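J.: Structure for the following, please:
(3 chains)
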Amino acid sequence: MSFWDVTRQLADGFGITLIIFGITLVASLPLGLIITFGSMSKIPPIKWITKVFVWIIRGTPLMLQIILIFYGPGLMNWDIMLPRLTAVLVAFIINYSCYFSEIYRGGIESISKGQYEAGQVLGMTKTQIFFKIVLFQVIKRIVPPMGNEIITLVKDTSLARVIAVTELVKAAENIIAVKSILWPLFYVGAFYLLFSALLTFLLNLAEKKMNYYSG
Amino acid sequence: MKKKILSVLMGAVMCFGLCGCNGGESGSDVNGSVDNSSSDNGGASSDWNYISGKGEIIIGITQNVPMNYYGDDGELIGFETEFTKAVCEKLGVTPKFQEIEWSKKEFELNAKTIDLVWNGLTVTDERKENMLFSKSYMKNKQATVVKAENADKYPTTAEMANITIAFESGSAGENVIKADEALKNCKQVPNEAQKDALLEVKSGTADACIIDFTMAKAATAEGTDYADLKVLENIQNTDEEYAIGARLGDTETIAKIDAAIDELAAEGKLLEIAKKYNLDDALLLGA
Amino acid sequence: MSFLEVKNIYKSFGKTEVLKGIDFSMEKGEVLAIIGSSGSGKTTLLRCMNFLETPDTGTVSVNGNVLFSSDEPPYSDAEKREKRLHFGLVFQQFNLFPQYNVLKNVSLAPELRQLKGKKLSKAEKKEIIKQIDDNSRRLLDTVGLSDKVNNYPCELSGGQQQRVAIARALALDPDILCFDEPTSALDPELTGEVLRVIRELKTSDRTMIVVTHEMNFARGVADKVIFMADGVIEEYGTPDEVFGAPKSEKTRSFLEKSLENP
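T.: Numbering: from 1, shown residues only, chains lettered A, B, ... in the order given. So this is what the prediction gives:
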């Protein structure tokens, strides 16, 4: 099997990897914020239900969650059957929203009370204070830990293969299974490395852009 | 064991409270025997109605030569692929080939994400607890694969005592190891799939592996990265056979498949497909 | 009736009584200095008037309007927002918005206030923003920072930051401007520029309440001085009365200590 044949097949798998990565990121970023509001809620039931949910999701392996979401409904005889990729996306979005929510929470709690009070005495609404004053400062502070999580997400996408979604690693494994050649498995490393290099570059850029002020 | 895992998982599903819809039916299906009364088409309720109602039958496969694999033109081919298509033509349903993770085939069946496992599936007593088998259509045997330089060391399994040996967990190969006096004392390395067991031997992390003979032959052919491995036929094989796996309780479906297989064997079609993939020696029916 | 009337303010945090019945009043254009040792309740009093804390009992009225009364049901957030605009507050720690430049720090609140929930054409919007912008530049000019409008807070000295904070508080044109120890977080050589600005505001007839440790400033600038101790007003009067002839023993010993280590 030629280098280009392998590259082409791996590129197909990489396409799925990118879909999982992209959709998870785009959906989890705002959803995480909603979960943050839940876990910081002043209404005890909302707060505790959210906290327990986050605890369950962060306390169990993502692989188990994928298996549960895909096979669970069928095993329970429910009439919902998610397509494989959809099940992967649901699991990833829930999982990453919870991780992001905790990073957001840390960021929000690190903003001094004085910023809120300054907004209050200037007659701003709670929403204005959050979106006009606090949020940007939070974003600046959480870029480094979010960067970590985002790079982890790139590699976590390989878990999709537990329910036979042909992402990058599974694509390589298929080549190995059929052609009994091994080098494609190491070749996938190059895909991951290049992609995370690109992300690292973008994250650094974002960090630099926000460095126009300190604090 | 599998039953336990299933019920634990289902408990977890309930805890998650993923969705409350249709909850009335839950809980009746603990050991995977599919409740025939819960058919979708609302008419006469049977496993076959469920499948024929859909018009397609989902076949769980993995990519492996010579059973199911993509040819150079990107088309799925292989002995099982063609065999499946021939049977489905007789049944009047469209096969939909779905790649699965082999270790999760029972999950796939019970979750109805596939309808059949049809991929060189060896009949074992353990598997019979979790799925219903069609009639057997092909012999299978297990083979030892070692590095070529070690090929002469193991004329029989007796010489293999105390080496490190890899296999796919839950496979027929594992059964061979458990049943063999010498092999059962080996250091055992259970893998996810047979191809991983081969990699163990290639990289030297295991001295030998025991996998399906047909797969071993195909994987170590010229031009592969495993060409420096050798397939040994040193195992006293018990009668191992390939059959098709369905959900426990899908008796009507299996009956229809068995009838179709008989017809194909009588017509000589089965032999024709087997010859194409060099498997005619192993055929149990219509040879 | 006085311009500001504060009556019978009590406030506890848990079991700690911080304010134990505060009554005072002041006239328009006056400057009131509140002095006292830490923990005497002066900051809490200021925060009560700015609705950052809710008093347990009491009333606050400005210009005859009751802004706070413990007899009324709890105010909604929207009511509080309207009421607190009668007061401005300059914090000890400045609390500027670090991500906005100096001009935006001043113009943000008026912009949000005037544009919120209104359907305006682009031209109208532009006109409003321009007005706010001009006003903000004018305010920054009065605090002596017209050359820093495009700088970010982190690029300014503490004294400059506090002057931005004053301009920001003035941007909403409050009836009464409150200062919570405005020079306490500053290096000694920077306090002068802030105090100078407050002094200049007095000449423009601003009504101000200044909680401060700067005795000379209180004596030189304030029209009235309150000395607080243990949650009550221990002494009230003109600077000459309080500093020159304190009636209370507590005031006398506080003033002695303050003059020893200013």
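
J.: Could you tell me the single residue of the stretch 51-200 of chain B that sits nearest to chain C?
T.: B:Glu101 (48.1 Å; CB to the nearest CB). Yep, even glycine has a C-beta here, placed from its N, CA and C like the rest.

J.: for whichever residue of the stretch 51-200 of chain C sits closest to chain B, what are its contacts?
T.: Nearest residue of the stretch 51-200 of chain C to chain B, counting by CB to the nearest CB: C:Asp77, 34.0 Å away. C:Asp77 sits next to A:125-126 when contact means CB atoms under 8 Å, 6 or more residues apart in numbering or on different chains.

J.: Recalculate using a threshold of 7 Å.
T.: The neighbours of C:Asp77, taking CB atoms under 7 Å, 6 or more residues apart in numbering or on different chains as the test, are A:Lys126.

J.: distance of it from B:Thr113?
T.: As judged by CB to CB, to the nearest Å, C:Asp77 and B:Thr113 stand 51 Å apart.

J.: do the same with B:Lys85
T.: Counting by CB to CB, the separation of B:Lys85 from B:Thr113 is 21 Å.

J.: Pick out whichever of the two has more residues nearby.
T.: Under the criterion of other CB atoms under 10 Å in any protein chain shown, the comparison of B:Lys85 against B:Thr113 puts B:Thr113 first, with 25 against 15.

J.: Nearest residue to the more buried one in space, please, no chain neighbours.
T.: Excluding the flanking residues, the one nearest B:Thr113 by CB to CB, 6 or more residues apart in numbering or on different chains is A:Gly74, at 5.9 Å.

J.: The one you found contacts B:Lys112, correct?
T.: Yes: if you go by CB atoms under 7 Å, A:Gly74 and B:Lys112 touch, sitting 4.6 Å apart.

J.: the helices in the stretch 101-250 of chain B, which residues?
T.: B:105-110, B:125-128, B:172-179, B:194-203, B:213-219 (DSSP state H, counting those that start in this stretch).

J.: which other residues reach the second one?
T.: Surrounding helix B:125-128, the residues in contact under the criterion CB under 7 Å, 6+ apart are B:Gly245.

J.: CA atoms of that helix as CSV?
T.: As requested, the backbone C-alpha atoms of helix B:125-128 are provided in CSV (Å, rounded to 0.1, in the frame of the first residue of the first chain):
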residue,chain,number,x,y,z
ASP,B,125,-20.1,-22.2,24.7
GLU,B,126,-19.4,-18.9,26.3
ARG,B,127,-20.8,-17.0,23.3
LYS,B,128,-23.8,-19.2,23.2
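
J.: and that helix, how far from the chain's centre?
T.: Centre-to-centre, helix B:125-128 and its host chain are 12 Å apart (CA atoms, centre = their mean, to the nearest Å).

J.: What are the boundaries of the strands in the stretch 1-150 of chain B?
T.: Remark: strands assigned in the stretch 1-150 of chain B by DSSP state E, counting those that start in this stretch are B:56-61, B:69-70, B:76-77, B:94-99, B:116-122, B:131-133, B:138-140, B:142-147.

J.: Tell me which of those strands is the most buried.
T.: Mean neighbour count (mean count of other CB atoms under 10 Å in any protein chain shown) peaks for strand B:116-122 among the strands of the stretch 1-150 of chain B, with a mean of 25.

J.: in the chain, which ranges drop under the pLDDT threshold?
T.: If you meant another chain, say so; for now it's chain A. Counting by pLDDT under 70, the ranges of chain A that qualify are A:215.

J.: could you do chain C instead?
T.: Residue ranges of chain C with pLDDT under 70: C:261-262.

J.: what do you get if the cut-off is 80, keeping everything else the same?
T.: Where chain C drops to pLDDT under 80, the residues are C:117-118, C:259-262.

J.: Show me where it has its helices.
T.: In chain C, the helices defined using DSSP state H lie at C:42-49, C:77-84, C:102-115, C:122-142, C:158-170, C:188-203, C:215-221, C:239, C:249-260.

J.: quick one on the thing from earlier: out of the strands of the stretch 1-150 of chain B, which gets nearest to C:Val221?
T.: Between C:Val221 and the strands of the stretch 1-150 of chain B, the tightest spacing by CB to CB is seen for strand B:94-99, at 82.2 Å.

J.: Pairing partners for that closest one, with directions?
T.: Within its sheet, strand B:94-99 is paired with strand B:56-61 (parallel), according to DSSP bridges.

J.: Can you show me the CA trace of the partner strand as CSV?
T.: C-alpha atoms of strand B:56-61 as CSV (Å, rounded to 0.1, in the frame of the first residue of the first chain):
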residue,chain,number,x,y,z
GLU,B,56,-32.5,-3.7,6.1
ILE,B,57,-30.4,-5.9,8.3
ILE,B,58,-27.4,-4.5,10.0
ILE,B,59,-24.4,-6.8,9.8
GLY,B,60,-21.6,-6.2,12.4
ILE,B,61,-18.2,-6.7,10.9
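
J.: now what about it, what contacts it?
T.: Outside strand B:56-61, the residues that touch it by CB under 7 Å, 6+ apart are B:51, B:68, B:84, B:88, B:93-100, B:105, B:108, B:114-119.

J.: can you tell me how far the residue in the stretch 101-250 of chain C that chain A sits nearest to sits from C:Arg47?
T.: Nearest to chain A, among the residues of the stretch 101-250 of chain C, is C:Ala109, at 3.7 Å (CB to the nearest CB). Relative to C:Arg47, C:Ala109 is positioned 18 Å away (CB to CB).

J.: the more surrounded of those two?
T.: Neighbour totals were compared for C:Ala109 and C:Arg47, and C:Ala109 leads with 24 against 19 (other CB under 10 Å).

J.: just checking, that one touches C:Ala171?
T.: Yes: between C:Ala109 and C:Ala171 there is a contact at 6.2 Å, judged by CB under 7 Å.
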